[in-house]
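K.L.:
here's my sequence, what's the structure:
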Amino acid sequence: MIKLHWIPVFILGACAGYGVALYLNPHKPGAVTVRHDPGPAGPPALRVETSYPGAAPVQKTAPKDAAAQEDGDELARVRALTADHDWAGAIRLATALISRGEARGEELWPYLERAYIALVKASLDQGALDEAQRLLAEADVQLGASAPRLILLAELNQMRGDLDAARTALHQAISLDPSYGEMTYPLVRQVVIALISGSNSSLTFDQKVRILTEEIIDDANFAEYYALLGRLYYRRGNYEEAVANLSYAVQLDHTMGADLSPLVDAARQRLDTPGLVEVPISSQGRTLNVNVRLNDAGRDFHFILDTGASFTAITPDTARALGISVDSGLPRVQLSTANGLIQVPAVTLKAVNLKGALAEDVQAVVVDELNGYDGLLGLSFLNRFNIDINHAEGKLFLSEH
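P.N.:
Here you go, the predicted model:
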C-alpha cells in the first residue's frame with residue numbers, strides 16, 4: 001500500500017476564513033509516497049487532508065429591519081452548523097439561502113466547500129464511491145470546479161481502478177490552480193508509475209509511450225519516467241532508444257545505476273550484435289551456471305542452465321525475494337524426478353533477462369531444493385530463442401527466432 005508522510009501546505013482561498021491543506025512529503029529524491037487510509041477494497045487511495053481555521057465573521061452593517069436581522073441569523077446558523085460538523089445541514093441551509101436570493105454565493109462558498117469536502121472524504125473512507133461521486137458532481141454544480149475536489153476525484157478514480165482518469169483529474173487540478181503543481185506532481189508520479197507498471201494494465205505500447213512522453217514534458221527531471229520508457233523500448237527491441245532513456249535516468253538519479261546499468265549494457269550488446277546475445281557460462285563438474293535477472297529485482301540470481309528441463313524452476317527463497325507467495329491456492333504441475341512423480345506449485349515470472357535475452361511471462365515451478373542454486377533455467381525460457389553452447393569458450397549464444 002502507498003504510504004504518506006505529511007507536511008502541511010496551506011493555500012488561502014479568495015474568501016477569508018478558510019484554507020485547504022495538502023499534506024505531502026517526498027520519501028526520497030525522485031520518488032514520493034502517498035498516505036492512504038485502508039479502504040474495504042481496491043487499489044491504494046490518494047489522501048487529501050483539508051483544514052479550515054475558524055471562519056471569520058461575515059462583515060455586515062446593522063440590520064435595517066427584522067427581515068435583514070433574520071437573514072443575518074441564517075448566515076450565523078450556517079457558520080454554527082459548519083462548526084458543529086453538521087455538513088449536510090450546512091449544505092441544505094446554505095443552498096436554500098442562495099436559491100431564495102437571501103445570501104450571496106461568495107459569502108457561503110467557504111462553508112459549502114468545507115462541507116462538501118468533508119462529506120466526500122467520509123464517503124471515500126467508508127467505500128461509498130457512488131455517494132462520493134454524487135457529492136462531487138453536486139459540488140461542481142453549486143461551486144464550480146476546485147483543485148482540492150479534483151484531487152479527491154482522482155482518489156475516487158484510483159479506488160475504482162481507473163488510473164488514467166485519476167491522472168487526468170490531477171492534471172486538471174494543476175491546470176485550474178498552477179500553484180498546486182509542486183504538491184500534486186508527486187501524486188501524478190505515483191499514479192503514472194502504477195498505470196505503466198501494473199501487471200493488469202491494458203494499455204498498448206504506444207499508449208504507454210504517449211503517457212510517459214506527456215509526463216516528461218511537464219516533469220522533465222523525474223528519472224523514473226525515463227527508466228520506464230527505456231524498459232518499454234528495450235522490450236520492443238528498440239535498443240538505441242532504450243540506451244538513451246536508461247542512461248539519462250541513471251544520469252538524473254545515480255542510485256538507479258545498479259539496477260539499470262546491466263540493462264544498458266545488454267542493450268548496447270544487442271546494438272553491436274543485432275539478434276545475438278553472448279552470455280558467459282561457468283561450470284561445476286557437468287553443471288553449467290549462469291546469472292539471471294528476474295522480474296524487477298535489482299540483483300542477479302545464480303541459476304543452473306539445463307537444456308533438458310521442461311520448466312524453469314525457482315526455490316521458495318527466490319520466490320520470496322520476488323514477492324511471490326507460494327500457497328496452496330497455486331496451480332500444480334507434475335514433475336518426474338529420481339524419486340518418482342511429484343506435484344509442485346506453478347508460477348509465472350513477469351520477466352527473465354539473460355544478459356539482454358529477455359522473455360516475459362515465463363512459466364516456472366517452485367521446487368524445494370536446487371543444490372544451493374537460486375533456480376534452474378529450462379526450456380520454458382530457452383525455447384524462446386535459438387541457442388548454441390560453446391563449452392570450450394564458456395559461452396552461451398542466444399538469437400531470436
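K.L.:
I'd like to know how many residues surround Ala220.
P.N.:
10 (other CB atoms under 10 Å). In this view, the C-beta of every residue, glycine as well, is placed from N, C-alpha and C.
K.L.:
how near is it to Ala359?
P.N.:
As judged by CB to CB, to the nearest Å, Ala220 and Ala359 stand 33 Å apart.
K.L.:
can you name the next helix or strand after the longest strand along the chain?
P.N.:
Criterion DSSP state E: the longest strand present in the chain is strand 340-354. Note on strand 340-354: by DSSP states H and E, the next helix or strand toward the C-terminus is strand 357-366.
K.L.:
gap between the longest strand of the chain and the chain center?
P.N.:
27 Å (CA atoms, centre = their mean, to the nearest Å).
K.L.:
and if you look at stretch 209-219?
P.N.:
Going by CA atoms, centre = their mean, where stretch 209-219 is centred and where its chain is centred differ by 15 Å.
K.L.:
how much space between the spatially most central residue of the chain and Gly257?
P.N.:
In the chain, the centroid-proximal residue (CA atoms, centre = their mean) is Ala194; its distance is 2.6 Å. Separation of Ala194 from Gly257 (CB to CB) stands at 24 Å.
K.L.:
re earlier: phi, psi for the residue nearest to the centre of the chain please.
P.N.:
phi -70, psi -40 (degrees, to the nearest 10).
K.L.:
got it, and Asp327?
P.N.:
The phi/psi pair for Asp327 (degrees, to the nearest 10) is phi -130, psi 180.
K.L.:
how many residues are close by it?
P.N.:
7.
K.L.:
check Ser399 too.
P.N.:
The number of residues near Ser399, taken as other CB under 10 Å, comes to 14.
K.L.:
over to Arg384?
P.N.:
17.
K.L.:
same question, Asp140
P.N.:
15.
K.L.:
so it touches Leu152, yeah?
P.N.:
No. Assessed by CB atoms under 8 Å, Asp140 is found out of contact with Leu152, at 11.5 Å.
K.L.:
if I pick the closest residue to Asn289 other than its chain neighbours, what's in contact with it?
P.N.:
Nearest non-adjacent residue to Asn289, counting by CB to CB, 6 or more residues apart in numbering: Ser282, 4.8 Å away. Contacts for Ser282 (CB atoms under 8 Å, 6 or more residues apart in numbering) come out as 288-289, 394.
K.L.:
from Tyr233, how far off is Ser282?
P.N.:
31 Å.
K.L.:
repeat that for Gly394.
P.N.:
Distance from Gly394 to Tyr233, by CB to CB: 31 Å.
K.L.:
quick one, helices of this structure?
P.N.:
Assigned by DSSP state H, the helices in the chain fall at 66-83, 87-99, 105-125, 129-143, 147-159, 163-176, 181-197, 205-218, 223-236, 239-252, 257-272, 316-321, 379-382.
K.L.:
can you give me the pLDDT of Met396?
P.N.:
In this structure residue 396 is Leu, not Met. Note on Leu396: pLDDT of 90.
K.L.:
once you drop chain neighbours, what's closest to it?
P.N.:
Nearest non-adjacent residue to Leu396 (CB to CB, 6+ apart): Val279, at 4.3 Å.
K.L.:
where's the one you found relative to Leu124, distance?
P.N.:
50 Å.
K.L.:
give me the more crowded residue out of these two.
P.N.:
Leu124 (24 against 21).
K.L.:
pLDDT wise, what is the more buried one at?
P.N.:
96.
K.L.:
list the contacts of the nearest residue to it once chain neighbours are set aside.
P.N.:
Closest residue in space to Leu124, ignoring its immediate chain neighbours: Ala132 at 5.2 Å, by CB to CB, 6+ apart. Residues in contact with Ala132 (CB under 8 Å, 6+ apart) are 120, 123-124, 152, 156.
K.L.:
can I see the domain layout of the protein?
P.N.:
8-197, 205-272, 276-400 (automatic domain parsing).
K.L.:
where does the prediction get shaky in the stretch 51-200 of the chain?
P.N.:
51-72, 102-105, 199-200 (pLDDT under 70).
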